[in-house]
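> sequence plus predicted model, see below.
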Amino acid sequence: MKYQIMIDVLMLLLSKRKFCAQEIASRYDISQRSVYRYVNELSLCGVPIEVQRGRYGGISIADTFRLPSWYFTPEEYNATVNALNAMASQVSDKNIISALEKLQSQQKSDKREQNVCGNIIVDGGTWGDSIKFCDKMSVCERAVNERKCLLIDYISRSGEHTRRVIDPYVLIFKQNVWYLYSFCHTKQTFRTFKIGRIKQASFTGETFTRKEITRDEINLNFYYNSVTMVDVTLEIEKAALPDAEEWLGMENIEPRGNAFIAHVTAPDDGGLVNRILSYGGTVKVLEPTELREKILLAAKKILEN
């Protein structure tokens, strides 16, 4: 943990060049004495860090300092820049942009012959709404970093509209969707909110004290825990195979005669029925019988309408 914080402090100084000890201490929940101890150890390793006491002082790093050229291999360097480019397109964090500029400027100073083409694109927004979505992402990301409480207007999948205050802990990107893992003041427990379902988000003006949690404590199967799961066997016609592979995963589909069979475990909610119906008859439910009956009832309702 100590060395991880030391590396993080070095990255902070490289991105902003100057921080006060209190700011670093608050960010990592450590004492100012520990901050100065870590800074001293970085200095002993050859990092040109200067500590100035007083009202206008702070901890700074020389503008001419660059990471050594061997710090990243060419492949690691390109992967890092591409990942930062992808995140910068979603979260307009000045520190991410600054870090990206630092790395790119170091590439020029090291005279590396690398071709960073930005081959990773992350876009969690809806079609035609990338700007508004990025604005929400920026607010959420700032709330996480600066421990700011948020007041959100949230509309659940079932249509329930609530206003609640949350303490945002971490952003989660799962199955091409962005979520915000937060402590909910209304429910007095941790909840995961889909950012696309946050209608509005604003700072309350309050900050929160972060509780100690580990990655293992964050439930990444939050969606499936709220619905019943069912084992499904589907028969898929060849015309529907490309879309079905993207939905179910190629590893779950096998050829059988002139068709394909998929065995999967899926959430038994209205979304499953609608998804199967969207294939227009090219996907047949073999099991379970209850799901077949739901499909038939939904198809009859369509015909009646």
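Happy to help now that I have it.
> which residue is the nearest non-sequential neighbour of Ile218?
Once flanking residues are discounted, Ile218 sits nearest to Tyr181: 5.8 Å by C-beta to C-beta, 6 or more residues apart in numbering. Yep, even glycine has a C-beta here, placed from its N, CA and C like the rest.
> residue boundaries of the strands in the stretch 151-300 of the chain?
Here the stretch 151-300 of the chain has its strands, by DSSP state E, counting those that start in this stretch, at 161-174, 177-184, 189-194, 198-207, 229-236, 253-256, 259-267, 283-287.
> what's the most buried one of these?
Highest mean neighbour count among the strands of the stretch 151-300 of the chain (mean count of other C-beta atoms under 10 Å): strand 177-184, with a mean of 21.
> strand partners of it, parallel vs antiparallel please.
According to DSSP bridges, strand 177-184 forms sheet pairs with strand 161-174 (antiparallel), strand 189-194 (antiparallel).
> one step back: what distance do you get for the residue nearest to Ile218 to Ile198?
13 Å (C-beta to C-beta, to the nearest Å).
> quick one on the thing from earlier: dump the strands paired with strand 177-184 to CSV, plus distance to Cys45.
CSV is the format used below for those (distance: least, C-beta to C-beta, whole Å):
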stretch, distance to Cys45
strand 161-174, 30
strand 189-194, 38
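> export those to a markdown table and tack on distance to Tyr38 and mean pLDDT?
Below are the strands paired with strand 177-184 laid out as a markdown table (distance: least, C-beta to C-beta, whole Å; pLDDT from 0 to 100):
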| stretch | distance to Tyr38 | mean pLDDT |
| --- | --- | --- |
| strand 161-174 | 24 | 91 |
| strand 189-194 | 30 | 91 |
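> what's the closest of those strands to Ser43?
strand 161-174 (31.8 Å; C-beta to C-beta).
> ok now that closest one, how far from the chain's centre?
Centroid separation for strand 161-174 versus its chain: 12 Å, with C-alpha atoms, centre = their mean, to the nearest Å.
> list the contacts of Val144.
Neighbouring residues of Val144 by C-beta atoms under 8 Å, 6 or more residues apart in numbering: Pro168, Tyr169, Val170, Leu171, Leu180.
> for it, grab phi and psi.
Backbone torsions for Val144, taken as degrees, to the nearest 10, come to phi -70, psi -50.
> mind starting the numbering at 33 from now?
Sounds good: first residue 33 from here, last item Val176.
> ok, it to Val262 distance?
Distance, Val176 to Val262, by C-beta to C-beta: 35 Å.
> and Arg179, by the same measure?
For Arg179, the distance to Val262 - C-beta to C-beta - is 40 Å.
> and Glu173, what pLDDT?
Looking at Glu173, its pLDDT reads 85.
> then the helix or strand that contains it to CSV, C-alphas only?
Using DSSP states H and E, Glu173 falls within helix 162-178. Only the C-alpha atoms of helix 162-178 are listed here, as CSV (Å, rounded to 0.1, in the frame of the first residue of the first chain):
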residue,chain,number,x,y,z
SER,A,162,-22.9,11.9,-26.2
ILE,A,163,-22.4,15.6,-25.1
LYS,A,164,-25.1,15.4,-22.4
PHE,A,165,-23.9,12.0,-21.2
CYS,A,166,-20.3,13.3,-21.0
ASP,A,167,-21.5,16.2,-18.8
LYS,A,168,-23.1,13.7,-16.4
MET,A,169,-20.0,11.6,-16.4
SER,A,170,-17.9,14.6,-15.6
VAL,A,171,-20.1,15.5,-12.6
CYS,A,172,-20.0,11.9,-11.3
GLU,A,173,-16.3,11.5,-11.8
ARG,A,174,-15.6,14.8,-10.0
ALA,A,175,-17.9,13.7,-7.1
VAL,A,176,-16.0,10.5,-6.8
ASN,A,177,-12.6,12.1,-6.8
GLU,A,178,-13.4,15.0,-4.5
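> distance of Ile293 from Gly281?
Ile293 is 14 Å from Gly281, by C-beta to C-beta.
> how about low-confidence regions in the chain?
33-36, 47-49, 86, 95-111, 113-163, 207-208, 254-259 (pLDDT under 70).
> which parts of this structure are helices?
Applying DSSP state H to the chain gives helices spanning 34-48, 53-60, 64-76, 106-122, 126-142, 162-178, 254-257, 273-280, 302-309, 321-336.
> identify the bridge partners of Pro200.
The bridge-partner assignment for Pro200, based on DSSP bridges, gives Ser214.
> kindly report the same for the one 5 residues further on.
Beta-bridge pairing of Phe205, defined through DSSP bridges, involves Trp210.
> so Arg189 sits right up against Val209, yeah?
No. Assessed by C-beta atoms under 8 Å, Arg189 is found out of contact with Val209, at 12.0 Å.
> any idea how far stretch 265-273 is from the chain center?
In terms of C-alpha atoms, centre = their mean, the centre of stretch 265-273 is set 32 Å apart from its chain centre.
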